[in-house]
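*Asks:* curious how this folds, go ahead:
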Amino acid sequence: MVNKQTLPHRPGSRIRAEAGPPRRRTRGRPRSGQAEDVKQALLSAARELFLRYGYRAVSSRQIAAAAGVNVAMIRYYFGGKPGLYREMIEGMLAPVRAGIEALRARPEAADLGEVMSRMARLWAANPWLAGLLVREVLAPDGPLRTVFLRDLAARFVPIMEQLVRKEIAGGSLRSDLDPRLTLLTMMSLVVFPFVAAPITGPLFGVRPSNEEFLQRFTAHIARVFAQGCLAHHPAESRT
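*Replies:* Numbering: from 1, shown residues only. Below is the predicted model:
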């Protein structure tokens, strides 16, 4: 019978016994302080790759490789590639949505011309969005159309429509206006020049990155909207 006391001592065995079983390491997940950096790296890589190659042609592994992170981070933070796309658009729209909500909560009349100007600057500051919208949403087989309509447009449009209805009911906008068509007009004035930039640029001098152009453009669409939709626009006040 072997006496256990005579067994050779193995250095470190006491330390391991006292410390308890080794902890399982969490693989692939960054520390909390790095989480935002990882998310932003993925969003930036996705924007560039989606715009360059198209949504369907880019895999989650390619996005993760471009961002320099584990591919599991896409599912961990966004639930998958569709969620990553949705987060891209949500992040872009968040400031505008917050501004609209603030206007809707105020008792006084909202400056819808200013809302349009902010939206125009948002499109100008995110030139990747127009290309992505044309290729992935507006194309006949656009892979992101359902996601865009269900998760984004279907939430943004009702907020804007309620704001327009509020302005009509409050007398700031003409009472004979159709709220949905009024909103469609606003969106058309703002969005079309940027979505059609390959044409509107050479023909009409649309230059989203040029501040002088943006000032003229935003002032123009606000003035057109005011002349056509405000209940008491400058032309009426002079008669």
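
*Asks:* would you tell me what the next helix or strand after the helix or strand of the chain with the lowest mean pLDDT is?
*Replies:* One helix or strand of the chain scores below all others by mean pLDDT, DSSP states H and E: helix 13-19, with a mean of 38. Next helix or strand after helix 13-19 toward the C-terminus (DSSP states H and E): helix 32-53.

*Asks:* any idea which helix or strand comes after that following helix?
*Replies:* That would be, after helix 32-53 and using DSSP H and E, helix 60-67.

*Asks:* need the contact list for the residue sitting nearest the centre point of the chain.
*Replies:* For the chain, the residue sitting closest to the mean C-alpha position, by C-alpha atoms, centre = their mean, is residue 89 at 2.2 Å. Neighbouring residues of residue 89 by C-beta atoms under 8 Å, 6 or more residues apart in numbering: 129, 148, 152. Heads up, the C-betas are built off the backbone N, CA and C, glycines and all.

*Asks:* ok, the last one to residue 168 distance?
*Replies:* Remark: distance between residue 152 and residue 168 (C-beta to C-beta, to the nearest Å) = 25 Å.

*Asks:* with the first one instead?
*Replies:* Residue 129 sits 29 Å away from residue 168, taking C-beta to C-beta as the criterion.

*Asks:* quick one: low-confidence parts of this protein?
*Replies:* Residue ranges of the chain with pLDDT under 70: 1-33, 232-239.

*Asks:* and the helices in it, which stretches?
*Replies:* 13-19, 32-53, 60-67, 72-78, 81-105, 112-125, 127-133, 145-147, 154-169, 179-195, 197-204, 211-229, 234-237 (DSSP state H).

*Asks:* tell me which residues of stretch 51-60 are tucked away?
*Replies:* Of all the residues in stretch 51-60, those buried under the rule 16 or more other C-beta atoms under 10 Å are 51, 55, 58, 60.

*Asks:* which of those sits closest to residue 98?
*Replies:* Nearest to residue 98 among the buried residues of stretch 51-60: residue 51, at 25.5 Å, using C-beta to C-beta.

*Asks:* please parse the chain into its domains.
*Replies:* Domain ranges of the chain: 33-79, 82-237, per automatic domain parsing.

*Asks:* who touches stretch 137-149?
*Replies:* Contacts for stretch 137-149 (C-beta under 8 Å, 6+ apart): 55-56, 82, 85-86, 89, 132-133, 135-136, 195.

*Asks:* would you mind putting the CA coordinates of that stretch into CSV?
*Replies:* In CSV, the C-alpha atoms belonging to stretch 137-149 read as follows (Å, rounded to 0.1, in the frame of the first residue of the first chain):
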residue,chain,number,x,y,z
VAL,A,137,-34.2,48.7,-51.6
LEU,A,138,-35.4,50.3,-54.8
ALA,A,139,-34.1,47.7,-57.3
PRO,A,140,-36.7,45.2,-58.5
ASP,A,141,-35.2,42.4,-56.4
GLY,A,142,-33.9,44.6,-53.6
PRO,A,143,-32.9,42.3,-50.7
LEU,A,144,-33.4,44.9,-48.1
ARG,A,145,-36.8,46.3,-49.2
THR,A,146,-38.8,44.3,-46.6
VAL,A,147,-36.4,45.2,-43.8
PHE,A,148,-36.5,48.9,-44.8
LEU,A,149,-40.3,49.1,-45.1
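
*Asks:* tell me the buried residues in it?
*Replies:* For stretch 137-149, the neighbour count (16+ other C-beta under 10 Å) marks 137, 142, 144-145, 147-148 as buried.

*Asks:* now, the most widely separated pair of the residues you listed?
*Replies:* Going by C-beta to C-beta, the pair spanning those furthest: 142 and 147, at 9.7 Å.

*Asks:* wait, residue 213 sits on residue 200?
*Replies:* No: look at residue 213 against residue 200 with C-beta atoms under 8 Å: they stay out of range, at 11.2 Å.
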